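K.L.:
3D model of this:
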Amino acid sequence: MPTLTINGTEIEVEKGTSILQAAEMLGVEIPHFCYHGRLSVPANCRMCLVEVKGGPPKPAASCAMSCADGMEVHTDSEMVKKARKGVMEMMLINHPLDCPICDQGGECDLQDQAVAYGFDRSRYAENKRAVPNKELGPIIKTIMTRCINCTRCVRFAEEIAGVETLGQLNRGEDAEIGTFIEQAVDTELSGNLVDVCPVGALTSKPYAFKARPWELVKTQSVDVMDAVGSNIRIDSRSGEVLRILPRLHEDINEEWISDKTRYAYDGLTKRRLDRPWLRNPQTNQLEECGWPEAFSFIAEKLKDINGTEIAALAGDLCDLESMTALKDLMTGLGSPHLDCRTDGGSYNPSNRAGYLFNTTIAGIEEADAILIVGANPRYEATMVNARIRKNWLDHRTKIALIGEAVDLTYPYEHLGDGWADLEKFMKARSGFAKIFKEAQRPMIIFGAHLFTGEGGAALHAYAMEAAEKLGVIKDNWNGFNLLQTAASRVGGLDIGFVPQEKAGKGFSDILAGTRDGSIKALYLLGADEFDARSEIGWNTFVIYQGHHGDRGAAMADVILPGAAYTEKDALYVNLEGRVQEGWRAVFPPGEAKEDWKILRALSEYVLKAPLSYDNLKQLRTHIYATAPHLVHLGDIIPALWPSAAAGKGDALPAEAQIFASISKSGYYATNSVARASQIMRACEDAFVPAVPLKEAAE
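P.N.:
Now for the predicted structure:
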């Protein structure tokens with residue numbers, strides 16, 4: 001390992017480490033524009049120049065020069081300072097004086113480095129050049145005259161997002177970033193282009209002219225748009241969320257987030273429930289009321305209904321606290337009918353390893369063969385797909401897919417589209433099957449939607465048995481992964497928000513019970529994932545608690561307004577079983593309250609003894625007592641694989657032999673917040689192909 005000296009301090013680094021990286025290890029700042037730690041090194045901005053004693057008699061680009069043994073580097077010599085001033089002077093030749101009207105103001109690398117390392121005057125008096133703006137879609141605003149041609153956006157699009165839309169055109173003074181053919185940047189990671197741009201050339205179109213960064217209150221939180229649990233920062237002002245940015249977490253989302261995570265925030269202010277509502281039995285119309293009136297009405301209705309005729313469903317955006325409170329409320333009422341799997345999943349919830357992403361998101365990088373079965377991680381878990389692509393880029397790992405052939409942004413071998421093809425793969429001894437079976441760390445990713453419906457339990461047992469036969473379960477390695485899509489799913493399963501005992505009904509049976517009369521009262525906690533009007537019986541008493549007037553509220557007899565994920569302190573468990581805490585950034589609108597508080601208050605009306613917790617600390621203590629592994633905030637407690645898989649059980653259902661089609665059409669409308677978002681609607685219009693009238697009619 002080479003040992004070098006930087007500004008008089010000696011450091012030993014791994015072979016291949018650049019001078020810039022070595023300086024960062026010592027805490028020595030070297031200015032740069034084109035360099036980014038997660039992208040390839042182009043070395044074209046020349047701002048990171050340093051002086052290397054004994055080397056060439058001119059400054060060297062520290063991002064592109066590897067450390068050598070005995071090297072002596074100076075980052076603040078007179079030669080370096082003069083060179084940096086010259087580079088900065090050239091950078092600003094054509095850069096417009098837009099700082100007062102630029103959305104990047106206050107967060108601009110060019111601003112900061114011009115002050116710290118630039119010259120106090122310019123020797124150029126020529127007119128500045130102008131570059132036409134590009135239309136890149138509904139979420140990226142371009143002012144290309146500000147572009148300094150660092151090519152970060154080009155490299156991100158090609159390397160991380162996997163699309164080759166952007167490129168550098170022309171040469172010399174005519175060089176510019178653009179698309180060869182005018183088109184939008186069609187990737188679910190396009191919002192990250194705004195983050196990697198060091199100047200104001202690419203900015204957020206929805207956020208344009210909304211606020212300055214110093215006006216915003218910054219709150220750390222967790223995303224709920226999917227089950228990944230991406231770490232985010234919520235920026236708000238005057239009680240309104242104005243933007244959402246990624247927060248660094250190396251084991252989950254690194255420093256990227258999906259477009260839905262970043263831009264669905266405008267849906268938080270639209271179609272909101274801000275006061276309780278009751279349905280007038282005479283007019284059949286919803287009328288606003290007060291909290292005591294709503295609680296009294298519910299108590300009066302439930303008084304004459306047996307506990308075994310009451311059921312509860314928890315939706316995809318629910319937090320641990322609210323699901324725990326609802327479960328305790330149902331237990332107090334004597335109801336065994338509850339379920340958090342509103343997608344219809346019927347797999348065995350008692351085996352934790354059977355519903356987790358056991359490899360972990362960071363563990364994807366260690367896999368040496370990947371098989372995807374009936375899943376489309378690009379749209380079901382975008383950051384998981386980005387990790388798979390990263391593995392392929394770094395190691396050229398072999399990947400195969402059984403399911404619909406779709407663009408996953410990396411090459412793969414298509415092995416078929418149904419369970420029969422998985423059976424065939426298990427028996428094969430050549431091609432990818434041979435590579436997979438000989439791999440030291442193989443992994444399988446099953447789509448959660450494969451295990452919905454009546455045959456879900458048998459299929460899930462079959463999938464676990466297949467994983468064992470294919471050798472993905474080894475010492476210190478569990479390659480069986482279920483790709484959950486809901487932020488609440490793993491947490492709900494962990495606390496046991498599933499049918500209780502043998503008498504308990506699951507999701508499908510609960511809905512069927514509302515139609516045949518065996519379920520007379522149904523409590524929907526943010527459950528908007530299904531068509532309530534067609535699935536719930538019209539004679540059922542429906543209580544809906546949530547934050548949007550969405551599908552669940554359409555059938556409700558009582559509506560209780562809850563808080564969205566940005567409006568409460570709450571715990572969430574992501575698909576790999578990691579417990580994370582989200583923090584309140586703004587207060588709920590109107591009379592809306594935090595969900596667990598609503599359930600605690602309701603318990604005083606409907607139970608003889610109200611729920612035993614009065615504050616968040618007491619509630620979380622109760623959660624940890626119920627599921628001790630959840631006390632490890634931020635950590636993953638690996639689930640033990642059962643000593644023997646459950647076996648196939650009954651014969652596989654004939655209708656489940658071919659995997660259902662997964663497409664991009666629903667990506668921008670997976671939950672109530674996204675469906676209320678105008679930005680998501682604009683993205684859907686721009687990026688999702690229109691269905692031909694003939695196909696729509698069929």
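K.L.:
average model confidence for stretch 273-287?
P.N.:
On average, the pLDDT along stretch 273-287 is 92.
K.L.:
go on, stretch 19-32?
P.N.:
Here stretch 19-32 scores 94 as its mean pLDDT.
K.L.:
and the end-to-end length of it?
P.N.:
Start and end residues of stretch 19-32 are separated by 12 Å (Cα to Cα, to the nearest Å).
K.L.:
quick one: low-confidence residue ranges for the stretch 351-500 of the chain.
P.N.:
Within the stretch 351-500 of the chain, no stretch has pLDDT under 70.
K.L.:
mind listing the helices for it?
P.N.:
Secondary structure of the stretch 351-500 of the chain, counting by DSSP state H, counting those that start in this stretch: helices at 377-380, 382-395, 419-427, 432-438, 456-469, 489-494.
K.L.:
now those in CSV, with mean neighbour count?
P.N.:
C-beta here means a position set from N, CA and C on the backbone, and glycine is covered the same way. Compiled in CSV, the helices of the stretch 351-500 of the chain are given as follows (neighbours: other Cβ atoms under 10 Å):
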stretch, mean neighbour count
helix 377-380, 24
helix 382-395, 21
helix 419-427, 16
helix 432-438, 16
helix 456-469, 21
helix 489-494, 27
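K.L.:
and the ones you listed: which comes nearest residue 160?
P.N.:
Comparing the helices of the stretch 351-500 of the chain against residue 160 with Cβ to Cβ, the closest turns out to be helix 382-395 (6.3 Å).
K.L.:
ok, residues contacting the closest one?
P.N.:
The contact list for helix 382-395 (Cβ atoms under 8 Å, 6 or more residues apart in numbering) reads 159-162, 188-189, 226, 228, 230, 252-254, 256-258, 260, 357, 361-362, 364-365, 367-368, 370, 377-378, 397, 399, 408-411, 445, 483, 575.
K.L.:
mind checking which of those residues land in strands?
P.N.:
Using DSSP state E, the members of the contacts of helix 382-395 that fall in strands are 370, 399, 445, 483.
K.L.:
farthest-separated two in those residues?
P.N.:
Using Cβ to Cβ, the pair of those lying farthest apart is 399 and 483, separated by 14.5 Å.
K.L.:
more neighbours, the two?
P.N.:
Set residue 399 next to residue 483 and count neighbours by other Cβ atoms under 10 Å: residue 483 wins out with 25 against 20.
K.L.:
just to check, that one is in contact with residue 374?
P.N.:
No. Judged on Cβ atoms under 8 Å, residue 483 makes no contact with residue 374 at a distance of 9.1 Å.
K.L.:
mind saving the C-alpha coords of stretch 152-168 as CSV?
P.N.:
The C-alpha trace of stretch 152-168 is given here as CSV (Å, rounded to 0.1, in the frame of the first residue of the first chain):
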residue,chain,number,x,y,z
ARG,A,152,-22.1,14.7,-14.0
CYS,A,153,-25.7,14.5,-15.3
VAL,A,154,-24.5,12.5,-18.3
ARG,A,155,-22.6,10.0,-16.2
PHE,A,156,-25.4,9.6,-13.6
ALA,A,157,-27.9,8.9,-16.4
GLU,A,158,-25.7,6.3,-18.0
GLU,A,159,-24.1,4.7,-14.9
ILE,A,160,-26.7,4.9,-12.1
ALA,A,161,-30.1,5.3,-13.9
GLY,A,162,-29.2,3.1,-16.9
VAL,A,163,-30.5,5.4,-19.6
GLU,A,164,-28.4,7.0,-22.4
THR,A,165,-30.6,10.0,-23.0
LEU,A,166,-28.1,12.8,-22.2
GLY,A,167,-24.7,13.4,-23.8
GLN,A,168,-22.2,16.2,-24.5
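K.L.:
how far does it sit from its chain's centre?
P.N.:
What separates the centre of stretch 152-168 from the centre of its chain is 21 Å, taken as Cα atoms, centre = their mean, to the nearest Å.
K.L.:
just the closest of the ones in strands among the contacts of helix 382-395 to residue 670, please.
P.N.:
Comparing those against residue 670 with Cβ to Cβ places residue 483 closest, at 13.8 Å.
K.L.:
contacting residues around the closest one?
P.N.:
Applying Cβ under 8 Å, 6+ apart to residue 483 gives the contacts 227, 357, 375, 377, 380-381, 384, 445-448, 575.
K.L.:
report the two of these separated the most.
P.N.:
Counting by Cβ to Cβ, the most remote pair of those is 227 and 446, 13.6 Å apart.
K.L.:
would you map the helices across the stretch 551-698 of the chain?
P.N.:
Using DSSP H, counting those that start in this stretch, the helices found in the stretch 551-698 of the chain span residues 595-606, 616-626, 672-676, 678-687, 693-697.
K.L.:
ok, which of these comes nearest residue 496?
P.N.:
Nearest of the helices of the stretch 551-698 of the chain to residue 496, taken as Cβ to Cβ: helix 616-626 at 7.2 Å.
K.L.:
which strands or helices does that closest one pack on?
P.N.:
With contacts taken as 3 or more Cβ pairs under 8 Å, 6 or more residues apart in numbering; DSSP states H and E, helix 616-626 sits against helix 320-333.
K.L.:
now do the helix it packs on: which elements does it pack against?
P.N.:
Against helix 320-333 (3+ Cβ pairs under 8 Å, 6+ apart) you get strand 310-314, strand 337-339, helix 489-494, strand 521-525, strand 570-573, helix 595-606, helix 616-626.
K.L.:
still on that earlier bit, what's the closest of the helices of the stretch 551-698 of the chain to residue 424?
P.N.:
helix 693-697 (30.7 Å).
K.L.:
quick one: average confidence on the closest one?
P.N.:
Averaging pLDDT along helix 693-697 gives 45.
K.L.:
from residue 281, how far out is the residue nearest to residue 563 when sequence neighbours are not counted?
P.N.:
Counting by Cβ to Cβ, 6 or more residues apart in numbering, residue 563 lies nearest to residue 588, which is 4.2 Å off, once chain neighbours are set aside. Distance of residue 588 to residue 281, computed by Cβ to Cβ, to the nearest Å: 29 Å.
K.L.:
export the contacts of residue 483 to CSV and append columns for distance to residue 433.
P.N.:
Formatted as CSV, these follow (distance: Cβ to Cβ, whole Å):
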residue, distance to residue 433
227, 29
357, 23
375, 19
377, 21
380, 25
381, 25
384, 23
445, 17
446, 17
447, 20
448, 24
575, 27
